[in-house]
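Enquirer: Sequence unavailable; structure follows:
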(Lines give C-alpha, C1' and ligand atoms only; values in the text may rest on other atoms or scores of the structure.)
Protein backbone atom coordinates (compact mmCIF):
# COMPACT_ATOMS: atom_id res chain seq x y z
CA UNK A 1 0.00 0.00 0.00
CA UNK A 2 1.42 3.38 -1.03
CA UNK A 3 1.76 6.34 1.31
CA UNK A 4 1.48 10.05 0.62
CA UNK A 5 3.10 12.65 2.87
CA UNK A 6 1.22 15.91 3.37
CA UNK A 7 3.91 18.61 3.39
CA UNK A 8 3.52 22.23 4.45
CA UNK A 9 4.68 24.82 1.91
CA UNK A 10 4.72 27.55 4.56
CA UNK A 11 6.45 28.25 7.87
CA UNK A 12 4.15 29.01 10.77
CA UNK A 13 1.93 27.30 13.31
CA UNK A 14 -0.13 24.21 12.40
CA UNK A 15 -3.68 23.96 13.68
CA UNK A 16 -5.90 20.89 13.30
CA UNK A 17 -9.03 22.91 14.19
CA UNK A 18 -10.58 26.14 12.88
CA UNK A 19 -11.11 27.44 16.44
CA UNK A 20 -10.10 26.14 19.87
CA UNK A 21 -13.69 24.91 20.44
CA UNK A 22 -14.12 23.30 16.98
CA UNK A 23 -13.74 19.64 16.13
CA UNK A 24 -10.58 18.77 14.18
CA UNK A 25 -10.84 19.02 10.40
CA UNK A 26 -9.94 15.32 10.11
CA UNK A 27 -8.97 12.48 12.44
CA UNK A 28 -6.64 9.51 11.98
CA UNK A 29 -8.64 6.89 10.08
CA UNK A 30 -10.73 9.39 8.08
CA UNK A 31 -10.90 8.94 4.31
CA UNK A 32 -10.07 12.19 2.47
CA UNK A 33 -9.96 13.51 -1.07
CA UNK A 34 -7.14 15.61 -2.52
CA UNK A 35 -8.93 18.87 -1.69
CA UNK A 36 -9.95 17.97 1.88
CA UNK A 37 -8.67 20.55 4.39
CA UNK A 38 -6.64 18.76 7.07
CA UNK A 39 -5.48 21.85 8.94
CA UNK A 40 -4.48 25.49 8.91
CA UNK A 41 -1.07 27.14 8.81
CA UNK A 42 -0.99 30.50 10.62
CA UNK A 43 1.64 33.04 9.62
CA UNK A 44 1.46 36.50 11.22
CA UNK A 45 -2.29 36.18 11.95
CA UNK A 46 -3.07 35.02 8.38
CA UNK A 47 -4.48 31.51 8.06
CA UNK A 48 -3.93 29.30 5.00
CA UNK A 49 -5.72 26.01 4.47
CA UNK A 50 -3.55 22.92 4.14
CA UNK A 51 -5.20 20.27 1.95
CA UNK A 52 -4.44 16.56 1.76
CA UNK A 53 -3.09 16.84 -1.80
CA UNK A 54 -4.07 13.25 -2.56
CA UNK A 55 -6.95 10.89 -1.86
CA UNK A 56 -6.44 8.32 0.88
CA UNK A 57 -6.93 7.48 4.54
CA UNK A 58 -5.23 9.56 7.22
CA UNK A 59 -2.78 7.20 8.93
CA UNK A 60 -0.89 9.61 11.20
CA UNK A 61 -0.14 13.21 12.10
CA UNK A 62 3.56 14.07 12.38
CA UNK A 63 2.92 17.30 14.31
CA UNK A 64 0.50 18.24 17.06
CA UNK A 65 -2.10 20.99 17.09
CA UNK A 66 -0.30 24.29 17.78
CA UNK A 67 3.17 23.04 16.80
CA UNK A 68 5.51 25.26 14.76
CA UNK A 69 6.26 23.97 11.23
CA UNK A 70 8.83 24.77 8.55
CA UNK A 71 8.42 24.64 4.75
CA UNK A 72 8.84 21.09 3.48
CA UNK A 73 7.97 19.50 6.83
CA UNK A 74 5.69 16.45 6.83
CA UNK A 75 2.47 17.23 8.68
CA UNK A 76 0.50 14.03 8.07
CA UNK A 77 0.66 10.71 6.24
CA UNK A 78 -2.05 9.12 4.09
CA UNK A 79 -2.45 5.50 3.04
CA UNK A 80 -3.47 5.26 -0.60
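Expert: Now that the structure is in, tell me what you want to look at. What you see is a predicted model, and the numbers here were worked out from it, not measured in a lab.
Enquirer: what's around the residue nearest to residue 76 when sequence neighbours are not counted, how many residues?
Expert: Counting by CB to CB, 6 or more residues apart in numbering, residue 6 is the residue found nearest to residue 76 once chain neighbours are left out, at 4.3 Å. (Each C-beta comes from the backbone N, C-alpha and C, glycine too.) The number of residues packed near residue 6 is 22, by other CB atoms under 10 Å.
Enquirer: cool, residue 26 as well?
Expert: By the criterion of other CB under 10 Å, residue 26 has 20 neighbours.
Enquirer: who touches it in this structure?
Expert: Contact analysis of residue 26 by CB atoms under 8 Å, 6 or more residues apart in numbering lists 16, 32, 36-38, 52, 58.
Enquirer: what do you get for residue 15?
Expert: 39-42, 47, 65-66.
Enquirer: what's the answer for residue 49, then?
Expert: Residue 49 neighbours (CB under 8 Å, 6+ apart): 37, 39-40.
Enquirer: how much space is there between it and residue 15?
Expert: Look at residue 49 and residue 15: by CB to CB, to the nearest Å, they are 10 Å apart.
Enquirer: How about residue 44?
Expert: Distance of residue 44 to residue 15, computed by CB to CB: 14 Å.
Enquirer: And for residue 71?
Expert: 17 Å.
Enquirer: Could you do residue 38 as well?
Expert: 10 Å.
Enquirer: one step back: now do the same for the residue nearest to residue 76: its pLDDT.
Expert: Note on residue 6: pLDDT of 97.
Enquirer: any idea which helix or strand carries it?
Expert: strand 3-7 (DSSP states H and E).
Enquirer: Quick one, which of the contacts of residue 49 are buried?
Expert: 39-40 (16 or more other CB atoms under 10 Å).
Enquirer: Between the contacts of residue 49, which sits nearest residue 24?
Expert: Nearest to residue 24 among those, counting by CB to CB, is residue 39 at 8.1 Å.
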